[in-house]
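Enquirer: got a structure for you, letters missing:
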């Protein structure tokens, strides 16, 4: 595992008493020290983030592109979306970001890229902690799922992420020193997460750092994926184990635990 102190750096900067509350706010939320960027961020979110109905959808579609890094055509933004470091967030055409989602790209090397026609449903959290998140086109991330990246988290195109899934790229804490609280020690990363194209992660799946889920695979509900899953696999359990290969199992009865 590789030690990574990026989250410790972010925490130290937020807690730095030499910074004013205003400076800390800009660092944590806006991601820019420029007053114009702060003003634009505040005005757009204050005026339009909460507006209901078709009027709110129209005004967010009109004004949100001015705070993001890049927005494609026809992007739909729901109400009360939490947005942090918007200049490092890039969204493709036809995407839908539903109510109460979180798009958090804070961190020096962080960014979020969302492809064309991606659907991010209610209460989904995309959180960077010094890493990045990429989601391929035509992928759906269902309600209350959490993506957390301290390194790299890549989801391919045409992927189904069901409700309450949790993908954790990083998140392992070093605890080798007993003279420091664990929260003050570096995170340990193992190379991030890749979910290749055409996969289906059923509800409540957890994918841990250092894992690749091969293309066209299915992970059963409630599974914890701790090791690589070969392509075209069906896997489930804690830890997840491969129970069949989809290419070889066309004549067998498929597992019904999805």
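Expert: That came through fine. Note that the structure is predicted; figures quoted are calculated from it, not measured.

Enquirer: could you give the bridge partners of the closest residue to residue 57 other than its chain neighbours?
Expert: Nearest in space to residue 57, with sequence neighbours left out and distances taken as CB to CB, 6 or more residues apart in numbering, is residue 76 at 6.3 Å. To be clear about C-beta, it is placed using only N, CA and C from the backbone, and glycine gets the same treatment. Counting by DSSP bridges, residue 76 is bridged to residue 96.

Enquirer: pLDDT of stretch 90-105, averaged?
Expert: On average, the pLDDT along stretch 90-105 is 98.

Enquirer: again with stretch 58-66
Expert: For stretch 58-66, mean pLDDT rounds to 96.

Enquirer: what's the answer for stretch 180-193, then?
Expert: Mean pLDDT, computed over stretch 180-193, is 86.

Enquirer: and it, end to end?
Expert: Terminal residues of stretch 180-193 lie 29 Å apart, using CA to CA, to the nearest Å.

Enquirer: also stretch 210-227?
Expert: Stretch 210-227 has its terminal residues 8 Å apart, counting by CA to CA.

Enquirer: one more: stretch 91-107?
Expert: In stretch 91-107, first residue to last residue: 18 Å (CA to CA).

Enquirer: then stretch 165-173?
Expert: End-to-end distance for stretch 165-173, by CA to CA: 21 Å.

Enquirer: what sits up against it?
Expert: 1, 4, 129, 131, 141-142, 145-153, 155, 161, 182-183, 185-190, 192-193, 195, 201, 203-209 (CB atoms under 8 Å, 6 or more residues apart in numbering).

Enquirer: any quick ChimeraX command for the buried ones out of these?
Expert: Here is the ChimeraX command that picks out the buried ones among the contacts of stretch 165-173, judged by 16 or more other CB atoms under 10 Å:
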select :4,129,131,141,142,145,146,147,148,149,150,151,152,153,155,161,185,186,187,188,189,192,193,195,201,203,204,205,206,207,208,209
